[in-house]
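Chemist: my questions concern the predicted model and sequence given below.
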Amino acid sequence: MPSKGYQILITMLPKYLTSVKKVDNEEKMSGMAIFTGDILMEDAYYAIPVRSTISFGKILEIKVPTLPKNYYFISAKDIIKENVCNIIVDDWPVFADKETHYKGETIGLIVGPDKKKAIELSKLVEVKYEEYEPVYEMKNSYVHKEFVKGDKEVFKKASKVFSEEFETGYQDQIYLEPQGMLMWLDGDKITVKASMQCPFYIKKAIMRTLGYPEDKVRVIQPAVGGAFGGKEHYPSLMGAQLATAIVKIKKPIKMIFDRKEDITFTTKRHPSKTNISAYLDDKDNILGVKIHVGIDGGAYIGCSMVVLSRALIAATNTYTFDNVEIVGDAYCTNKIPSAAFRGFGSPQSIFAIELFINHLADFLHVNPVDLRTKYLVKTGDITSTNGVFRDPIILKDLIDKAFEMSDYKRKVKEYSKPGTYRGIGYSTFLHGCGFTGSGESTIINAQLRMKKDKDGVVTFYTSQVDFGQGNRTTLKRIVVDTLGIPEDKVIYDAPDTDQTLSTGPTAASRTIIIVGGLVAKAAKHLKEIWIDGKEQEIVEPYVGPSYIKWDEDTMQGDAYPGYAWGVNVIEVEVDPITYEVSIIGTWSTYDVGHAIDERIIIGQADGGLAQALGWAYLEKEEVSDGEFKQTRMSDYVIPTFVDLPKMETALIDNPFPYGAFGAKGAGELTFVGGAPAFAIALEQAINRKVHKIPATPEYIMELIENGN
Amino acid sequence: MIHYFVPSSLKEALKILNENDCYIFAGGTDLMVQKHLSSGLLPNFDKDVLFIMKINELNYIEKDNEGNIHIGATTRYNEIEASSLIPEIYKTVIKEIASPNIRNMATLAGNIGNASPAGDSLLPLILNDAEVVLSSIDGERIIKVQDFILGVKKLDRKQNEIIKEIVIKPQELDYFYRKVGSRKAESITKVSFLGGYKIEKNRLVDFRVAFGSVSTKVVRNQEVENKYINKELKDIDIDSVVNDYTNLVTPITDQRSNKEYRHKVAMNLLKKFLKEIKGGRDE
């Protein structure tokens, strides 16, 4: 939604504080952009999944109907090398083989030239099972992590303890374009175009299951319509499945999901349950805090251990407590595996701590603003993982500005009178940018290729996907501005794994802070060695800040290369007749380092907050007997233009030394604080405590009717 | 083998309908969703389809000598919304149905034919005793919308009959309408309420209540209404009216809401309506 509400407060480099037209504007606005589903390949076959109809059990027999000529059934028996989908932890098979662990797991594919025929045949495949008792609750942990800051002994000295539990629900990404992939053979080279976030993840997954070398798999990115984390891992599974089929069939194969199929069978945000206890001395000082975060990982771990890490590291949010014990579990349940989604675990734990500290203030009969300010993190503080917040923290300025914009202090007083059914709430939050710890240098190791031809035209390659967030525009601009050459002298196309080296996945708010920094460094390097009329090529490796040290096993050290910060203030009104909530206003302030393109950042701010509010009060995804109940966009509702007010945003400049032109990450940050600020506002409007989201009208009715 | 018929006159359509069991396809905004198979493929119709939007003679909004308004079966919501002949209450309800692009395609007759308990236009039609004119090669018959709809997707329609038009009567009532969906636009109704009344000299001379999405069809009960018609306002006891309706409102729990919420909100809206009546128009 377009916002005119933003303002820029301090300008470091005025010339970058203007916005340019996004490079993909015209192709997207005119409808000329070619998405995966638009690519016509006349001899392409269609792949239709045959899915498990039980949540947990042994596969006894698969009865395939007699297939007409040119129709195939592809399953685990066709695996070339390994029945493993390469997603961080290797427990997700390409095809369910001896057992199935969730309803909807792919047992096989019917592949053939006519889509309708293939759908009909897929319904005739009969699978016989021996059913086991499925588990849907969070009780069997498959990843456990814990760490301590300070002294564990202080917990024994507490004179009182305040404890609470918080819950958050599933969330679907609802990208505009559902998942889809087209694969064909170019000689004996497997070539893929797909709706994706991470070309090299798909490439690796295909190489792994087939046992193919690097040069026999190529992944090219077409136009992509949104991702939000949902296309980080699932396309790897589709890639491994289609690759198994194409080796046998040797025809181009297309697999495009319909919306209902996409909602029902692809990965979502982890539901969570967080328990927090504050240990207090007799003067009501917080001696220490214990936090347990549980996330529902679904049937396979996949990336859940990394999501859990981020949830735990973020669990103390913007507060410094001297003594902290943080414990977390990812639980195995017989449901669709949960995976990446904007925020990656941190929105869940930050929701909990923001509400908790407000409730604690009530418990202690003190003003929540005062209590929150008392423990607010400052530059130089020790993080919960015993790292250091090194870069200047301007959180106090962000809060002051957000309060001023929203008239918070007057409103919070006014709405405390009964019967107004209005409420205002705020959240403060942070987001660690880039991969956890030293992962950028040790795991990803991005390398950037940049070349220049005789005419001075510069081409550079990354594996970053622009799925709407604008990095094709910004990364190009970094090169144009660094080299000081005209825009038409710089070529930067969508990734093709035959052209680019891996600069890592398009995830973890790392694109501008990490890859942007690398792009700027490479451009600077090229400028230094620039010789007119000569072809030149460089490969620039990523070098992280040397002080970042991290131990993933003990969860100790500096968890991220840098942090972005934000404040959301949200005002709501509740209808006491229907229990519906109206969002009256939102006011946000962010420190994203330095905003290279303000309009792109405002796009992230508006979109991120809208998506967070959807998670907070509208988007309900219930599970019944292992199956999602809301599977269409008329039942799984996201906010529309009409549901949202004008969103006001201010950016405060705080340049980060390692990002391009001082930029940090902004993609996930804008999601993180929406839900707690909303819930705190709702609490004031209905004079009740909220402990879970989505806070639907049905839940609000219960709260009002049943009291606290 | 599925046949698709595209007649250009009502006469032709009635002949086809007499010989074939067909889905009647007007704007298609429900049928295309219900019969969707997969992207890039035709919808999965399991019987013949009669497309009626080419029948231009069914596209009209007319007022007759008695002041009744006749709306032809292919008249779209956006045309109804824009017509000066249509009473305001219908426009109020239609404006909250789906989205502008859906209303550019969807028809009022289609909403009746779809017979969903969540069909929003059914509330003003049933509350105001609107009728449908059914046409077949055997002739015409007129039936109240309230009687025409029997239940979820169930109609009192013979296979060879088509809704030719809807007849709405002029009303001079005050209305209270509230649609509760899962969000503020483009939403399917979780519970809805329409009340109509007329007060003369502190006496309730007309009183009507309809609830949507709380039963297998729109709930309206004339017996209850008659109990309160011609009563003095001061004699209307809100609790007693609520008591009369509480067992008629029998919602279910589904993917959109739960029965407790739907019932509670339906009763809250009824109370609010009654307070408005008792408090007079100005309160």
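Modeler: Arrived safely.

Chemist: and whichever residue of chain A sits closest to chain B, what does it touch?
Modeler: Closest residue of chain A to chain B, C-beta to the nearest C-beta: residue A:642 (4.0 Å). Heads up, the C-betas are built off the backbone N, CA and C, glycines and all. Residue A:642 sits next to B:183-185 when contact means C-beta atoms under 8 Å, 6 or more residues apart in numbering or on different chains.

Chemist: check it and give its pLDDT.
Modeler: On pLDDT, residue A:642 comes in at 94.

Chemist: check residue A:21 too.
Modeler: Residue A:21 carries a pLDDT value of 89.

Chemist: where does it land in three-state SS?
Modeler: coil (DSSP: H, G, I helix; E, B strand; the rest coil).

Chemist: state the number of residues packed around the nearest residue to it once chain neighbours are set aside.
Modeler: Nearest residue to residue A:21, sequence neighbours excluded (C-beta to C-beta, 6 or more residues apart in numbering or on different chains): residue A:473, at 8.0 Å. The burial count assigned to residue A:473 is 21, neighbours taken as other C-beta atoms under 10 Å in any protein chain shown.

Chemist: name the helices or strands packed onto the host helix or strand of residue A:473?
Modeler: Using DSSP states H and E, residue A:473 falls within helix A:471-483. Packing contacts for helix A:471-483, counted by 3 or more C-beta pairs under 8 Å, 6 or more residues apart in numbering or on different chains; DSSP states H and E, involve strand A:458-461, strand A:490-491, helix A:517-529.

Chemist: repeat the analysis, applying 6 Å as the threshold.
Modeler: Judged by 3 or more C-beta pairs under 6 Å, 6 or more residues apart in numbering or on different chains; DSSP states H and E, the packing partners of helix A:471-483 are strand A:490-491, helix A:517-529.

Chemist: can you mark which positions in the longest one are buried?
Modeler: So the one you mean is helix A:517-529. By neighbour count with 16 or more other C-beta atoms under 10 Å in any protein chain shown, helix A:517-529 contains the buried residues A:517-523, A:526.

Chemist: could you point out the helix or strand that follows that helix?
Modeler: Toward the C-terminus, helix A:517-529 is succeeded by strand A:536-541 as the next helix or strand (DSSP H and E).

Chemist: let me know the secondary structure of the closest residue to residue B:238 other than its chain neighbours.
Modeler: Leaving aside its chain neighbours, residue B:238 sits nearest to residue B:274 (4.7 Å; criterion: C-beta to C-beta, 6+ apart). Following three-state DSSP, the label given to residue B:274 is helix.

Chemist: what's around residue B:274, how many residues?
Modeler: Using other C-beta under 10 Å, residue B:274 has 22 neighbouring residues.

Chemist: what's the answer for residue B:247, then?
Modeler: Residues lying near residue B:247 (other C-beta under 10 Å) number 7.

Chemist: ok, residue A:137 next?
Modeler: A count of nearby residues for residue A:137, using other C-beta under 10 Å, gives 9.

Chemist: in what helix or strand does it lie?
Modeler: Going by DSSP H and E, residue A:137 is not part of any helix or strand.

Chemist: now the terminal residues of stretch B:46-61, how far apart.
Modeler: 33 Å (C-alpha to C-alpha, to the nearest Å).

Chemist: meant to ask about stretch A:48-55, not that
Modeler: 20 Å.

Chemist: please see if it touches chain B.
Modeler: No: applying C-beta under 6 Å from any C-beta of the partner chain, one finds stretch A:48-55 separated from chain B by no less than 8.4 Å.

Chemist: contact partners of that stretch?
Modeler: Outside of stretch A:48-55, the residues within contact range by C-beta atoms under 6 Å, 6 or more residues apart in numbering or on different chains are A:96, A:100, A:103-110, A:118-119, A:122, A:125, A:129, A:131, A:134, A:334, A:626.

Chemist: what residues of it count as buried?
Modeler: A:48-52, A:54-55.

Chemist: mind listing which of the contacts of stretch A:48-55 are in strands?
Modeler: Using DSSP state E, the members of these that fall within strands are A:100, A:106-110, A:129, A:131.

Chemist: what about burial for these, which qualify?
Modeler: Among these, those buried by neighbour count (16+ other C-beta under 10 Å) are A:100, A:106-110, A:129.

Chemist: now render the residues you listed as a markdown table, adding pLDDT and distance to chain B.
Modeler: Output for these, formatted as a markdown table (pLDDT from 0 to 100; distance: C-beta to the nearest C-beta, whole Å):
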| residue | pLDDT | distance to chain B |
| --- | --- | --- |
| A:100 | 98 | 23 |
| A:106 | 98 | 17 |
| A:107 | 98 | 19 |
| A:108 | 98 | 18 |
| A:109 | 98 | 15 |
| A:110 | 98 | 13 |
| A:129 | 98 | 26 |
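
Chemist: nearest to residue A:26, of those residues?
Modeler: Closest approach to residue A:26 among those (C-beta to C-beta): residue A:109, at 37.0 Å.

Chemist: and residue A:447, what are its bridge partners?
Modeler: residue A:541 (DSSP bridges).

Chemist: ok, it touching residue A:501?
Modeler: Yes: between residue A:447 and residue A:501 there is a contact at 4.4 Å, judged by C-beta atoms under 6 Å.

Chemist: local confidence estimate at residue A:441?
Modeler: 85.

Chemist: in three-state terms, label it for me.
Modeler: Classification of residue A:441 using three-state DSSP returns helix.

Chemist: ok, now which ones touch it?
Modeler: Here residue A:441 is in contact with residue A:544 (C-beta under 6 Å, 6+ apart).

Chemist: near chain A, which residues of the stretch 101-250 of chain B?
Modeler: Close to chain A, as judged by C-beta under 6 Å from any C-beta, the stretch 101-250 of chain B has residues B:180, B:182-186, B:188.

Chemist: make it 10 Å
Modeler: Within the stretch 101-250 of chain B, the positions adjacent to chain A are B:178-188, B:190-191, B:193 by C-beta under 10 Å from any C-beta of the partner chain.

Chemist: which one of the residues you listed has the most neighbours?
Modeler: That'd be residue B:193 among those, by other C-beta under 10 Å, with 28 neighbours.

Chemist: hmm, that one is touching residue B:270, no?
Modeler: Yes: taking C-beta atoms under 10 Å as the definition, residue B:193 is a contact partner of residue B:270 at 6.7 Å.

Chemist: what touches both of the two?
Modeler: Common neighbours of residue B:193 and residue B:270 (criterion: C-beta atoms under 10 Å, 6 or more residues apart in numbering or on different chains): B:176, B:209, B:211, B:249.

Chemist: which of those residues lies closest to residue A:634?
Modeler: Using C-beta to C-beta, residue B:211 is the member of these that lies nearest residue A:634, at 20.8 Å.

Chemist: tell me the bridge partners for that closest one.
Modeler: Applying DSSP bridges, one finds that residue B:211 bridges with residue B:193, residue B:219.
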